[in-house]
Each structure stands twice: as C-alpha cells, then as structure tokens.
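Visitor: With the input below, show me the fold.
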Amino acid sequence: MTKLHEEILRGRIAELSRDAGDLETRGEFVVVIAPPAKADAAMSDAELDAALSAALSIRSVKDAVAEIAAISGRGKREVYARALELKKQAKGRADDGR
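Guide: Predicted coordinates:
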C-alpha cells in the first residue's frame, strides 16, 4: 500500500468500528482480519472449565470445543473430553435436584 494519504489502523474490530464514524471516507478501504494470537501458555484447568461452561451454555459441544481449543492452547481431544465430563457433571447435578 503506497498511497499518498495512506492511513493504517490496527486493533480489535469492536474498537476500530467505534471510531469508524470519525474517519474520512474517500477512496478505497482494505480490511485485513487475522485470527486471534495463540495463547502463550495453556489455560489452567479452572480457566478451561469456566470457558468451556460458558461456551457450552450457548453453543453445541462441537462448536464450543473448537472455540475453546483455539484460544486455550490445548488440544481438541483434551478439550472435548473435558467438555463431555462437564456435561455429565451438569446432568448429574440436574438429576440430583429432582
């Protein structure tokens, strides 16, 4: 990109979209979206359980596992096994509450 009046903005989509109204809207726009950076260290077990529980409350097991595996630094098989265990525990608590 070698435009005379080139401007490069970097940030999260939500942050950039908030400021979009203030931008001059002439010429062309190029938007490059990259996946989130991989976690430097794997999530702790407690963090994994919390993230999985939240994801499972609004997504299918398959989608929740894919999402959490991508951000947790852990393998899909490990995350899937933990997701099944969390669902089993939740079902057990629901059965005890009858």
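Visitor: Please, where are all the helices along the protein?
Guide: Taking DSSP state H, the helices of the chain run over residues 13-18, 45-56, 61-72, 76-96.
Visitor: which outside residues touch the longest one?
Guide: In this structure, residues lying in contact with helix 76-96 by CB atoms under 8 Å, 6 or more residues apart in numbering are 48-49, 52-53, 56, 61, 64-66, 68-69, 72. All C-beta spots, glycine's among them, are computed from the backbone N, C-alpha and C.
Visitor: Residue 26: neighbouring residues, count only.
Guide: Neighbour count for residue 26, taken as other CB atoms under 10 Å: 7.
Visitor: How about the one 4 residues further on?
Guide: Using other CB under 10 Å, residue 30 is surrounded by 8 other residues.
Visitor: One more: residue 55?
Guide: 20.
Visitor: residue contacts, it?
Guide: Neighbouring residues of residue 55 by CB under 8 Å, 6+ apart: 63-64, 67-68.
Visitor: Kindly report the same for residue 53.
Guide: With contact set as CB under 8 Å, 6+ apart, residue 53 has these partners: residue 86.
Visitor: Would you mind measuring from it to residue 77?
Guide: According to CB to CB, to the nearest Å, residue 53 and residue 77 sit 19 Å apart.
Visitor: re earlier: point out the most buried one among the helices of the chain.
Guide: helix 61-72 (a mean of 17; mean count of other CB atoms under 10 Å).
Visitor: pLDDT weak spots in the protein?
Guide: 1-5, 36-41, 97-98 (pLDDT under 70).
Visitor: make it 50
Guide: 1 (pLDDT under 50).
Visitor: ok, back up a step: closest one to residue 43 out of the contacts of residue 55, please.
Guide: When the contacts of residue 55 are compared for distance to residue 43 (CB to CB), residue 68 wins out at 8.3 Å.
Visitor: Thought residue 52 was touching that closest one, still the case?
Guide: Yes - here residue 68 reaches residue 52: they are 5.3 Å apart, a contact under CB atoms under 8 Å.
Visitor: coming back round to it: wait, which of the helices of the chain is closest to residue 35?
Guide: helix 61-72 (7.6 Å).
Visitor: The closest one - contacts with which helices or strands?
Guide: helix 45-56, helix 76-96 (3 or more CB pairs under 8 Å, 6 or more residues apart in numbering; DSSP states H and E).
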